[in-house]
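**Q** test case, fold it:
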Amino acid sequence: MDSRQQWLTRLKNELSNSPLVSNVAFGFILMGLEKLVELEFECPCNPKWNGVFSSAFFIIPAVMAFTLMLIIQGCRCDTWCRKTVSFSSFVPAIVWLILLFLDGQYFACAMTDWKGRFVIVDKAAPQKWCEPTSEGDVTPQELMLRSQQLFVVSQVLGIFLLIIICVGLIVYVIRESCQQESEVQDADVAELTVLRMSSLRTRTT
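**A** The predicted structure follows:
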């Protein structure tokens, strides 16, 4: 919960610099996003609803954050960045997905295919899982092991996304620095050309 609150605080700080903050629709979107972040996750532990319920936590805040950043980028960019969408617009949404995957319980809930009740795992608090309410072909211990494996898979996906965004940021920074260096070199060449042309003209005269 603390990491999600920090994510929302940083997003709100970014959005507070926008002239659209006073807009009513913009305010409602931001308020809805804040309520979703503050909501305590409780898996329904029902195979029919687990996937849908967990997907809502993945998709809705990410789309809302991306939309808000897209609006902000559009207001700050005079040409609306017609050629490409700014990379920074994707960052809050990707960070949100990384936080949920590293948390583990959202992905584990989505992949749970048995009925039960959402309780804290013994000796693994605050980790929670869907404890089966009825005995079946698979023992509760095996289901708990499967749930913990889903937690691990989720965290691996989160780390993988984190690596991707770090590599993307490094490539973006290197590309921007190289582009700026190229522009500086082109400007220097143009300036030298102008100086040579002017010196030739003075000699001929």
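**Q** ramachandran angles for the nearest residue to C45 once chain neighbours are set aside?
**A** Distance criterion CB to CB, 6 or more residues apart in numbering; nearest residue to C45, sequence neighbours excluded, is C130 at 3.8 Å. From N, CA and C alone the C-beta is placed, and that goes for glycine too. Backbone torsions of C130, given as degrees, to the nearest 10, read phi -90, psi 100.
**Q** how far away is C130 from Q149?
**A** C130 sits 14 Å away from Q149 when distances are taken as CB to CB, to the nearest Å.
**Q** list the residues that contact D113.
**A** Listed by CB atoms under 8 Å, 6 or more residues apart in numbering, the contact partners of D113 are P47, N50.
**Q** change it to 10 Å
**A** Contacts were defined as CB atoms under 10 Å, 6 or more residues apart in numbering; by that measure D113 touches P47, N50, G51, C130, L143, R146.
**Q** any idea which helix or strand in the protein has the lowest mean pLDDT?
**A** In the chain, no helix or strand scores lower on mean pLDDT, DSSP states H and E than helix 24-38, which sits at a mean of 63.
**Q** tell me which other helices or strands the helix or strand following that helix touches.
**A** On the C-terminal side of helix 24-38, the nearest following helix or strand under DSSP states H and E is helix 50-76. Other helices and strands packing on helix 50-76, by 3 or more CB pairs under 10 Å, 6 or more residues apart in numbering; DSSP states H and E, are helix 2-15, helix 24-38, helix 91-103, helix 105-111.
**Q** give me the buried subset of the contacts of D113.
**A** Among the contacts of D113, those that count as buried by neighbour count (16 or more other CB atoms under 10 Å) are N50, C130, L143, R146.
**Q** could you double-check that the first one lies in contact with W129?
**A** Looking back up the chat, that one is N50. No - counting by CB atoms under 10 Å, N50 stays clear of W129, with 11.8 Å between them.
**Q** count of neighbours near the residue lying closest to P92 once chain neighbours are set aside?
**A** Closest residue to P92 in three dimensions, ignoring its sequence neighbours and counting by CB to CB, 6+ apart: A65, at 4.1 Å. For A65, the neighbour count with other CB atoms under 10 Å is 27.
**Q** returning to what we had before: show me what contacts the residue nearest to C45?
**A** Contact criterion CB under 10 Å, 6+ apart gives 43-47, 50, 105, 108-109, 112-119, 143-144, 147 as the residues in contact with C130.
**Q** now the helix or strand V171 falls within: average pLDDT?
**A** Under DSSP H and E, the secondary-structure element containing V171 is helix 140-204. Averaging the model's pLDDT scores along helix 140-204 yields 78.
**Q** could you shift the numbering so residue one becomes 45, and keep it that way?
**A** Will do, 45 is the new start, and the previous item becomes helix 184-248.
**Q** returning to what we had before: closest to L141 out of the contacts of D157?
**A** Within those, the smallest distance to L141 is 16.1 Å, found for G95 (CB to CB).
**Q** give me the number of residues near the closest residue in space to that closest one that isn't next to it in sequence?
**A** Using CB to CB, 6+ apart and skipping residues adjacent in sequence, the residue nearest G95 is A154, 5.0 Å away. Around A154 there are 18 other residues, counting by other CB under 10 Å.
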